[in-house]
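K.L.:
predicted model and sequence below, questions to follow.
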Amino acid sequence: MSPERAAIAEGVPTNIGVIGWVRLIARTLLLLLALLVCVPLHYLYRTLAYGSPFPMLFLRWGARICGARVKTEGTALRRDVVFLSNHVSWLDILAQAGASGTAFVAKAELEKAPVVGWLASLNRTVYVKREARNNVAAQINAVREAMADNWSVTIFPEGTTTDGQSLLPFKTSLLKMLEPPPPGVMVQPVVIDYGPVAEEIGWIGDESGVNNFKRILSRKGSFPVTIHYLEPFDPAENGNRKEISAKARAEIEEKLGECLGKPLRDYGLDVKPVRYTPKQQPDDPPT
């Protein structure tokens with residue numbers, strides 16, 4: 001990691017310069033224009049039918065406006081699937097929802113974020129409170145309802161974003177929804193690869209969301225994002241959620257290493273524990 005990138009991870013604001021501000025303003029205006037087109041059409045569509053395509057279209061266009069040139073490899077299942085994916089940036093949501101129409105599981109703080117929370121809600125995001133240890137059943141039910149509504153849901157089991165060069169241990173708590181799995185539901189591992197710009201794009205450390213947004217929208221040119229949809233598997237054939245998590249993580253790690261052309265490295269920053277579950281009972285093995 002370069003000294004400049006390390007400083008950003010420590011929370012030092014980025015000086016984007018005059019040209020950077022021009023790019024930032026231009027892209028922000030384009031995002032607002034896409035929003036002004038898609039939102040009225042979304043609500044109009046909802047008066048006539050269900051399953052509006054406009055959130056997916058907005059997110060697809062939004063990713064492109066931000067500079068992402070998204071392509072997919074492999075076949076994404078269209079329904080009755082839980083995608084388990086590595087996590088690098090907020091752009092992951094635009095890229096993956098734009099490609100597949102998936103809903104997401106996100107931390108509750110996102111729901112309160114201006115504009116972003118509203119947009120996430122349009123895409124049937126499921127919000128979870130990490131500190132709500134006694135409300136796990138309701139959160140699991142919410143994920144299942146989102147699956148029934150959106151046909152697919154994406155979980156980022158690392159619980160946070162990384163630098164695109166690493167893979168954190170998976171948190172298995174929300175995979176309780178797969179114990180037992182709903183009938184016919186499959187699990188599909190997903191790798192999102194930003195190529196050589198992964199470390200630059202990654203939202204890590206103490207960098208603020210505002211600074212990350214400014215950095216991404218002010219950068220010159222575009223960048224590739226490849227979403228790899230790996231072979232889906234039946235969670236009913238893979239025991240409990242820990243075994244499901246281990247299988248998905250091993251496949252994601254292998255594919256990400258293949259994309260990077262080198263072994264993954266240890267994540268260089270401290271990550272606060274992420275907990276969704278009630279206090280473990282003596283007969284409940286640790287996650």
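P.N.:
Perfect, thanks for sending it.
K.L.:
show me what the lengthiest helix in the chain is packed up against.
P.N.:
Ranked by residue count, the top helix of the chain under DSSP state H comes out as helix 17-48. Helices and strands touching helix 17-48, by 3 or more Cβ pairs under 8 Å, 6 or more residues apart in numbering; DSSP states H and E, are helix 54-65, helix 116-122, helix 209-218. No exception for glycine: its C-beta is placed from N, CA and C like everyone else's.
K.L.:
can you tell me which of those helices is most buried?
P.N.:
helix 54-65 (a mean of 20; mean count of other Cβ atoms under 10 Å).
K.L.:
tell me the strands beside the helix or strand just after that helix, with direction?
P.N.:
Counting by DSSP states H and E, the element after helix 54-65 in chain order, helix or strand, is strand 68-73. Sheet pairing for strand 68-73, assigned by DSSP bridges, gives strand 223-229 (parallel).
K.L.:
and the strand it pairs with with helix 209-218, angle?
P.N.:
For strand 223-229 against helix 209-218, the angle by axes from the mean of the first three to the mean of the last three Cα atoms, to 10 degrees is 110 degrees.
K.L.:
in the next helix or strand after strand 223-229, what counts as buried?
P.N.:
Sequence order places helix 241-260 as the next helix or strand after strand 223-229, per DSSP H and E. Neighbour-count burial for helix 241-260 flags 241-242, 244-245, 247-249, 251-253, 255-256, 259-260 (criterion: 16 or more other Cβ atoms under 10 Å).
K.L.:
of all the helices and strands packed on helix 17-48, which one is nearest Ala34?
P.N.:
helix 54-65 (4.8 Å; Cβ to Cβ).
K.L.:
give me the distance from that closest one to the chain's centre.
P.N.:
Distance of helix 54-65 from the chain centroid (Cα atoms, centre = their mean, to the nearest Å) equals 15 Å.
K.L.:
then that helix to CSV, C-alphas only?
P.N.:
Output in CSV follows, covering the C-alpha atoms of helix 54-65 (Å, rounded to 0.1, in the frame of the first residue of the first chain):
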residue,chain,number,x,y,z
PHE,A,54,-36.3,0.6,-12.7
PRO,A,55,-34.2,0.2,-9.5
MET,A,56,-32.1,-2.3,-11.3
LEU,A,57,-31.7,0.0,-14.3
PHE,A,58,-30.8,3.0,-12.1
LEU,A,59,-28.1,1.0,-10.3
ARG,A,60,-26.7,-0.3,-13.6
TRP,A,61,-26.5,3.2,-15.0
GLY,A,62,-25.2,4.5,-11.7
ALA,A,63,-22.3,2.1,-11.7
ARG,A,64,-21.4,3.2,-15.2
ILE,A,65,-21.7,6.9,-14.3
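K.L.:
quick one: mean pLDDT over the longest helix of the chain.
P.N.:
Across helix 17-48, pLDDT averages out at 92.
K.L.:
just want the angle from it to helix 209-218.
P.N.:
Going by the same axes, to 10 degrees, helix 17-48 is angled at 100 degrees with respect to helix 209-218.
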